[in-house]
Each structure stands twice: as structure tokens, then as C-alpha cells.
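Undergrad: just need the structure, nothing else, for what follows:
(2 chains)
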Amino acid sequence: MDTTQLLKGVLDVAVLAAIQDEDGYGYDVVRRLRAAGLDEVGDASVYGTLRRLYSAGALTSYVVPSDDGPHRKYYGINAQGTAMLREQRESWTSFATTMSRLLAVKTTSKTARNTPAPVRTIGEK
Amino acid sequence: MSTSTLASPAVAEFAAAVRAALADLAPDEIDELTDGLEADLTDRLSDTDAAELGDPRAYAEELRAAAGLPHRSAPRFRLAGELAELRKAPKIVATAFREYGAEHPWFRRVGEFLVTLRPVWWLFRAAVVTALIVTALGRGWWEPINGFAIVIGVAALVVSVQFGRGKWLPFTWMRGLLLAVNVILALGAPFLVAGAATAVNNGWYSTTYAEDSSPDLSISGLLENGNQVTNIFAYDAQGNPLRDVQLYDQDGKPLNLIGDPRSTSVDLGSGLLVPNQHVPGRLGWNVFPLGHVASGDTDSDGAVKHSVTPRPARPPFAAATPLAGSEVATGAPTSAPTPTPTPAPTP
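TA: Numbering: from 1, shown residues only, chains lettered A, B, ... in the order given. Take a look at the predicted model:
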């Protein structure tokens, strides 16, 4: 399955979660997401998401000048962002549970269909 | 975590290319999207071994998409794309019809039949457009056809047929417009036809009214309250029916019930009404009562055959009420027609 497609739908909540404890600048957030296991996340996707969340009022932002290099733009979560994260976490949990159940049901029914034959064979022998 | 240095030329170049790819956005939007870009790129370069930053335009697209901003020139292309989709519709429909026709021969035959009827459609289209134009210019299209309507109608017909043949359509938008007009006409056709039928019927009624009240008429003859008078029965003062009564109007013209006095006969449905045969030149239409013959009793000319004698029309009453003071002569009624003035058309 193409995980980049899956990622698109959950990037908002992933980014919010990545900065819920500690403010971060763009590449910093990318690094945290990759460290968490989302290897395929694209830099630009993360930056765009940060900008969008900021425009939506879920994030605060400040620039930290650097003496020896380009300045960095940090993002932090605010009350609205926290509320958004909570809400999205719930919907994700519910969605993930549903999907897990759906996929699990498929697997068991498959095994259920397959198992009787060997059972019968063993019973007959 | 690498220490950031001043942006390398590669990073600066890449960032500039990204900003250029976003150039269609507002300047503050570009700033908002790319603020801190150099630092992030620098970090990425130092974090990974790869020296490549990739395609700046793809990067810009990703940035844009993630930020929820429209694709470059998206509105224009989207509209054009939808129009292109719409333009494909006739082809898709045609293909579907062809496929269905391939499986069902009757469908194909009906389709071929309808295709041969296309000129009828062109004619109908021209007629509707003519009616609309004439109405829009303040003349009722139900009015008697006049030169103006004919000119418009001929012009509309020529244009409609040329359009139907695919001529005179230099611009593609004209084809689209024509398609729209056709669809509207096709949907409206049942209503238009029903409306036209009603209007024509009403028109005929009003024409009949006009005939009632005005003396100058194409359909002539004697009308009484709108009903054609087909015969006249005269009774004398004693109430006896008269035969061979010659009647003239106030101007001395022979009274004529049926219009054209040169007519040889008038079909009443039950039989033929014929003029009195004793007046030369079949002009005996003013001699009453008029006689009847059967439908087969006329020659190809419509004139009564020589062998046939018209049977006298049956009077509505055998006798009418005598006039006051004239009851005396009730004695011998049967052979009553005393005056037989046949050979004397005085005026």
C-alpha cells in the first residue's frame, strides 16, 4: 500500500503531535516525524502543513535569528491547536479501530473458510 | 543536529527556484511559505549524505499542496478541463449509441430512420426561430402570414439548413451554441407543438367569427347565425308549399346560398344539392327549393347526368300556418303551385 497517500490524510495530526511538547522549526519537525517511523514524509509537505496549520490559527510562530546562518522559523502549538489535536486523535483512534476490526474480520473469515477442510481430514484419519 | 551555516549557493539557488515556482501567489503568501526555507534546506543537506536537493518545482508543488493552496494556474486549467470534458460528451453518447446499436439491430434501424428525418428537424428549428423573431418584433406569429414573416422564415430556413449541413459554423463556440439551442428546442418541442396547435385552433375560431361579421369573405354563401343556409322553402299565403320560386336580393342579383354560382353541385354529405335544371347554363341556384341528387348521379364534370331528374327537396312542413285572412282557399292545396314563372327572369 502506498503509505504516502495514507500519510496525506494524517499529516495534520502527525505534525500537531510532533510539536505538542516542544516547539520546533521546519526541518526539526521533519526529523521528529522520521524518528517516529514516518520515513517517507516529505520536507515540503511538512512545511506546507505547518504553514496551513498556522494560517488556520492552530499554531504560533516566531523567528529565531542565527548569527552564523539563515534564520529559523519556529512553530508552537496553541490552545486551538491542542483542541484540534485532541479531536483528531479521537477520530483517528476510532477510524483506526474500525479499520483494524474490518481487516481482522477479513482475516478470520478467510482462515475460518480454510480451516474446516484440514480439520475434517484429520478427524477422518 | 548540525550547526547551520550561511546558505550555500546550492541552497540559495534551490530556494530561489522554489520562490519562482510560487510566483503566481501573493508576495506575503510566498514569504509565509518559504520563510526559513534556507535553514531547513541547509539542515537537510547536512543531515543526509545526498548532496541533491531535487526538483525545486516539484518541491514547490508539494509545499503548495500541503499548505492547501491551489495548483499553479489551477483555476484557468480547471475551467478549460471541464469544458474539454463537456466537449467529449457528444462523442461519448455517440459511442454508447453505436455500441448499443451493434447489439440491437432494431435500435440501429430506428437511429438510421431518425437520421433521414434530420431535414424535418431543420425545418422545425427554422419555424420556431421565425415564430420567436416575429413575436419578439411585436407581431403575433398566429397572424396571417405576411411578407415580413416570409422573409424571416426563408432566412431562418437557409441558416438552419446550412447549420444542419455543418456549413457556416466557422467558430467552435458556434457549434456549442447550436448544440445548446438544439437541446433546448428538443426539450421544448412538445410544449411548442401543443401551444402552436392550440393557437392555430383559436386562430381558426377567430377567423370564423370574422367571417360572421364581415361581408367580404373568401368563403361566401348565405349564413344564418353562422350556419350555412342550404335551401329555402317558400309557402304561399294559404300555407301551401311553393315550387320553383325565383329569389333575388335587394340589388336584383339572384339569391345564391352556396357561394360560387358556377358550381355544379354542393355535397351535403347525404347527397348533392343541385341547381334547378330548367335554367340554362346551370345558373338555377336561385330557384327554390333546390333539388337533390345522389352522389353517383353526376358526371365527371360535377353536372347532373341528363338521365337523372333531381328529386325535390323535402320541405320541413307539409304546409305552413296560413296568414290571417287567407285561410279561405284551404280547398285545393295539393296542386297548389299556381304561378309557374319559370321563363321570366325579369331583372
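
Undergrad: from here on, just use CA atoms for contacts and neighbour counts.
TA: Will do.

Undergrad: how about residue A:81, nearest residue that isn't a chain neighbour?
TA: Nearest residue to residue A:81, sequence neighbours excluded (Cα to Cα, 6 or more residues apart in numbering or on different chains): residue A:58, at 3.9 Å.

Undergrad: what about that neighbour, how many neighbours?
TA: 22 (other Cα atoms under 10 Å in any protein chain shown).

Undergrad: and if you look at the one 4 residues further on?
TA: Applying the criterion other Cα under 10 Å, we find 12 residues in the vicinity of residue A:62.

Undergrad: would you mark the buried spots in stretch A:85-96?
TA: For stretch A:85-96, burial by neighbour count (16 or more other Cα atoms under 10 Å in any protein chain shown) applies to A:85, A:88-89.

Undergrad: export those residues to TSV and append columns for distance to chain B, pLDDT and secondary structure.
TA: Shown next, in TSV, are the buried residues of stretch A:85-96 (distance: Cα to the nearest Cα, whole Å; pLDDT from 0 to 100; DSSP: H, G, I helix; E, B strand; the rest coil):
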residue	distance to chain B	pLDDT	secondary structure
A:85	18	92	helix
A:88	17	92	helix
A:89	20	93	helix
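
Undergrad: can the residues you listed go into a markdown table with extra columns for distance to residue B:265?
TA: As requested, those are arranged in a markdown table below (distance: Cα to Cα, whole Å):
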| residue | distance to residue B:265 |
| --- | --- |
| A:85 | 102 |
| A:88 | 98 |
| A:89 | 101 |
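
Undergrad: chain A contacts on chain B?
TA: B:4-7, B:32-33, B:35-36, B:38-41, B:43-44, B:59-60, B:62-68 (Cα under 8 Å from any Cα of the partner chain).

Undergrad: of these, select the buried ones using a PyMOL command.
TA: Only the buried entries of the residues of chain B next to chain A go into this PyMOL selection, using 16+ other Cα under 10 Å:
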select buried, chain B and resi 4+6+7+33+35+36+38+39+40+41+43+44+59+60+62+63+64+65+66+67
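
Undergrad: in helices, which of the residues of chain B next to chain A appear?
TA: Among the residues of chain B next to chain A, the members falling in helices (DSSP state H) are B:32-33, B:38-41, B:43-44, B:59-60, B:62-66.

Undergrad: which one of the buried residues of stretch A:85-96 is nearest residue B:235?
TA: residue A:88 (109.0 Å; Cα to Cα).

Undergrad: residue A:76 in helix, strand or coil?
TA: At residue A:76 the chain is in strand, as set by DSSP: H, G, I helix; E, B strand; the rest coil.

Undergrad: and stretch B:286-299, how far apart are its ends?
TA: Stretch B:286-299 stretches 22 Å from its first residue to its last (Cα to Cα, to the nearest Å).

Undergrad: contacts for that stretch, please.
TA: B:231-234, B:243-248, B:254-257, B:267, B:270-276, B:304-305, B:308-313 (Cα atoms under 8 Å, 6 or more residues apart in numbering or on different chains).

Undergrad: stretch A:48-63 too?
TA: A:11-12, A:15, A:26, A:71-82, A:84, B:32-33, B:62-68.

Undergrad: thinking again about what came up before, of the contacts of stretch B:286-299, just the buried ones, PyMOL syntax please.
TA: Buried members of the contacts of stretch B:286-299, defined by 16+ other Cα under 10 Å, are picked up in PyMOL with:
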select buried, chain B and resi 231+232+233+234+243+244+245+246+247+254+255+256+257+272+273+274+275+276+304+310+313
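
Undergrad: please flag which of the contacts of stretch B:286-299 sit within strands.
TA: Secondary structure defined by DSSP state E assigns B:245-246, B:267, B:272-274, B:311-312 of these to strands.

Undergrad: follow-up on the earlier one: looking at the buried residues of stretch A:85-96, which is nearest residue B:16?
TA: For the buried residues of stretch A:85-96, the closest approach to residue B:16 (Cα to Cα) belongs to residue A:85, at 33.8 Å.

Undergrad: one step back: which of the ones in strands among the contacts of stretch B:286-299 scores worst on pLDDT?
TA: When those are compared on pLDDT, residue B:267 comes out lowest, with 76.

Undergrad: what about residue B:242, neighbour count?
TA: Neighbour count of residue B:242, defined by other Cα under 10 Å: 20.

Undergrad: show the contacting residues for the residue nearest the centre of chain A.
TA: Computing the C-alpha centroid of chain A and ranking residues by Cα atoms, centre = their mean puts residue A:14 first, at 3.9 Å. Contacts for residue A:14 (Cα under 8 Å, 6+ apart) come out as residue A:33.

Undergrad: check for me that it belongs to a helix.
TA: Yes. Looking at residue A:14 with three-state DSSP, it is inside a helix.

Undergrad: next one, pLDDT for it please.
TA: Reading off the confidence values, residue A:14 has pLDDT 92.

Undergrad: which parts of chain A are helices?
TA: In chain A, the helices defined using DSSP H lie at A:3-18, A:26-35, A:43-55, A:79-114, A:116-124.

Undergrad: winner for burial among those helices?
TA: helix A:43-55 (a mean of 24; mean count of other Cα atoms under 10 Å in any protein chain shown).

Undergrad: what about that one, distance to the chain center?
TA: A distance of 14 Å separates the centroid of the chain from that of helix A:43-55, by Cα atoms, centre = their mean, to the nearest Å.

Undergrad: may I ask which helix or strand of chain B has the lowest mean pLDDT?
TA: helix B:74-103 (a mean of 71; mean pLDDT, DSSP states H and E).

Undergrad: please enumerate the helices of chain B.
TA: Using DSSP H, the helices of chain B run over B:9-21, B:27-34, B:37-47, B:56-66, B:74-103, B:105-116, B:118-136, B:147-164, B:172-213.

Undergrad: tell me which of these sits nearest to residue A:31.
TA: So among these, helix B:37-47 is nearest, using Cα to Cα, at 9.1 Å.

Undergrad: quick check: pLDDT value at residue A:2.
TA: So, for residue A:2, pLDDT stands at 74.

Undergrad: up against chain B, what does chain A have?
TA: Within chain A, the residues that sit near chain B (Cα under 8 Å from any Cα) are A:25-27, A:44-52, A:68-73.

Undergrad: before we move on, back to that, which two of the ones in helices among the residues of chain B next to chain A have the greatest separation?
TA: So, these by Cα to Cα: farthest apart are B:43 and B:65, at 22.4 Å.

Undergrad: and the residue in the stretch 101-250 of chain B that chain A sits nearest to, how many neighbours does it have?
TA: Here the residue of the stretch 101-250 of chain B nearest chain A is residue B:176; by Cα to the nearest Cα that distance is 39.0 Å. By the criterion of other Cα under 10 Å, residue B:176 has 13 neighbours.

Undergrad: so what's it scoring on pLDDT?
TA: So residue B:176 comes in at 78 (pLDDT).
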